[in-house]
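Student: Predicted model follows, preceded by the sequence.
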Amino acid sequence: MNLPNKLTLMRILLVPVVVAILLCMDPKLMVFNETSGLALRDVLAFLVFAIASITDMLDGMIARKYNMITSFGKFADPIADKMLVNTLLVLLAVSGQASVIAVLIMIWRDLIVDGLRMTASSKGKVVSAGIFGKLKTVLQMFAIIFLLLRNWPFQGIGIPVDQILLWAACACSIFSGAVYFMKLKNYVLESM
């Protein structure tokens, strides 16, 4: 197994770690003191998420640079990304930190786009991620960072950067989903 695939597997294995941190650690245990507003579990979850996000960047970069692209990598990398991001979004929605509506829209979009891509792929059409799909992913990752850190350092000045990023990711998700649908609708609707 090559290094990019090991990094992808590492990202998959970090998902249950971040789940265990968020679900099992005491949310009242603060990092610095009671007034910091940052629970130790949130900071640890952020650190695990940051490590996992770095593996996402590294595996693709290494695979392309050293021509280590494999069928396993093409299959597992997007699954690892969605497992990580969607799991955290669901946990953040359950805890009340993220809007359930925004999270549902983004997960539904992913399911629809994956279905469109699979249908097109079965007919020989391969569609790579577009710029808005990539932007959606970047916005989701930054939203998760600020949601995990309880909007630190912006909570002190009252700017809800975490929520702004979450809804920007949701809007970008809708737009990029519509772009995918317009590109691939003929493959899905041809036999209607």
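Tutor: Looks like it came in fine.

Student: where does this protein dip in pLDDT?
Tutor: 33-36, 191-192 (pLDDT under 70).

Student: tally of neighbours for Gly96?
Tutor: Look at Gly96: counted by other C-beta atoms under 10 Å, it has 8 neighbours. (C-beta placed from N, C-alpha, C; glycine too.)

Student: secondary structure class for the spatially most central residue of the chain?
Tutor: In the chain, the residue lying closest to the centroid (C-alpha atoms, centre = their mean) is Val85, at 2.6 Å. Secondary structure, DSSP: H, G, I helix; E, B strand; the rest coil: Val85 is helix.

Student: Now the nearest residue to it once chain neighbours are set aside: which helix or strand?
Tutor: Nearest residue to Val85, sequence neighbours excluded (C-beta to C-beta, 6 or more residues apart in numbering): Gln140, at 5.3 Å. Using DSSP states H and E, Gln140 sits in helix 131-148.

Student: by contact count, what packs against the helix or strand Phe75 falls within?
Tutor: Here Phe75 sits within helix 71-94, counting by DSSP H and E. Here helix 71-94 touches helix 3-24, helix 40-65, helix 100-122, helix 131-148, going by 3 or more C-beta pairs under 8 Å, 6 or more residues apart in numbering; DSSP states H and E.

Student: tell me which residues in that helix are buried?
Tutor: 73, 76-77, 80-81, 83-86, 88-93 (16 or more other C-beta atoms under 10 Å).

Student: quick one, it and helix 100-122 angle?
Tutor: 160 degrees (axes from the mean of the first three to the mean of the last three C-alpha atoms, to 10 degrees).

Student: So what touches helix 71-94?
Tutor: 1, 4-5, 8-9, 11-12, 14-15, 18-19, 22-23, 45, 49, 52-53, 56, 59-60, 63, 98-100, 102-103, 106-107, 110, 137, 140-141, 144, 147-148 (C-beta atoms under 8 Å, 6 or more residues apart in numbering).

Student: Please pick the buried ones from those.
Tutor: Applying 16+ other C-beta under 10 Å to the contacts of helix 71-94 flags 4-5, 8-9, 11-12, 14-15, 18-19, 22, 45, 49, 52-53, 56, 59-60, 63, 98-99, 102-103, 106-107, 110, 137, 140-141, 144, 147-148 as buried.

Student: Contacts made by stretch 124-139 with the rest, please.
Tutor: 81, 85, 106, 113, 116-117, 120, 165, 168-169, 172-173, 175-176, 179-180, 183-184, 187.

Student: So in this protein, which helix runs the longest?
Tutor: Criterion DSSP state H: the longest helix present in the chain is helix 161-189.
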